[in-house]
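Q: I would like the atomic coordinates for the input below:
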Amino acid sequence: MKLVGPKVKFSDGHYTMVPYGSGGKKIHQGLEAFPGTEWMKMEITKKIFNGCDCYPWREVFAWWPVKTIKGKYVWLKKVYKQKYWAVWGSHFHMSPVVEYGTVFDILTYEK
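A: Residues are numbered from 1 along each chain as shown. You can find the predicted model right below:
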């Protein structure tokens, strides 16, 4: 899930984006200026594995804690890493995503 920005929900059910505020305020202070705002959450709608700068699972050593695809943190051991492009929502917004997993995580992971 990706947090995109504040939105306002109207009575008929549609949403609209609102500006972050004015006067150089921080984001959370800007949200207070618009009552009824909430963060718009977008789900990954498509994963592109054959794009530019993507690579399949490969073995790496986790020197620092990394979060696996099952949600556990592992470090100081061999893990597998892959990179793909994630398309967010129904619009054309893509960002690179890196996933880590152990052998057992990858074999039991449902896509």
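
Q: count of neighbours near Thr108?
A: 11 (other Cβ atoms under 10 Å). C-beta coordinates here come from the backbone N, C-alpha and C atoms, glycine included.

Q: give me phi/psi at it?
A: With angles defined as degrees, to the nearest 10, Thr108 sits at phi -100, psi 0.

Q: how near is it to Pro65?
A: 21 Å (Cβ to Cβ, to the nearest Å).

Q: same check on Pro96?
A: For Pro96, the distance to Pro65 - Cβ to Cβ - is 20 Å.

Q: thought Pro96 was touching Trp88?
A: No: in this structure, Pro96 is not within contact of Trp88 by Cβ atoms under 8 Å, at 11.9 Å.

Q: who has more neighbours out of those two?
A: Just comparing Pro96 and Trp88: by other Cβ under 10 Å the higher neighbour count belongs to Trp88, 17 against 13.

Q: next, the buried residues of stretch 100-111.
A: Buried residues in stretch 100-111, counted by 16 or more other Cβ atoms under 10 Å: Tyr100, Gly101, Thr102, Asp105, Ile106.

Q: same deal with stretch 84-99?
A: Of all the residues in stretch 84-99, those buried under the rule 16+ other Cβ under 10 Å are Tyr84, Trp85, Ala86, Val87, Trp88, Glu99.

Q: separation between the third one and Lys47?
A: What that stands for is Ala86. 6 Å.

Q: just Ile106 next, same as before
A: For Ile106 relative to Lys47 (Cβ to Cβ), the value is 15 Å.
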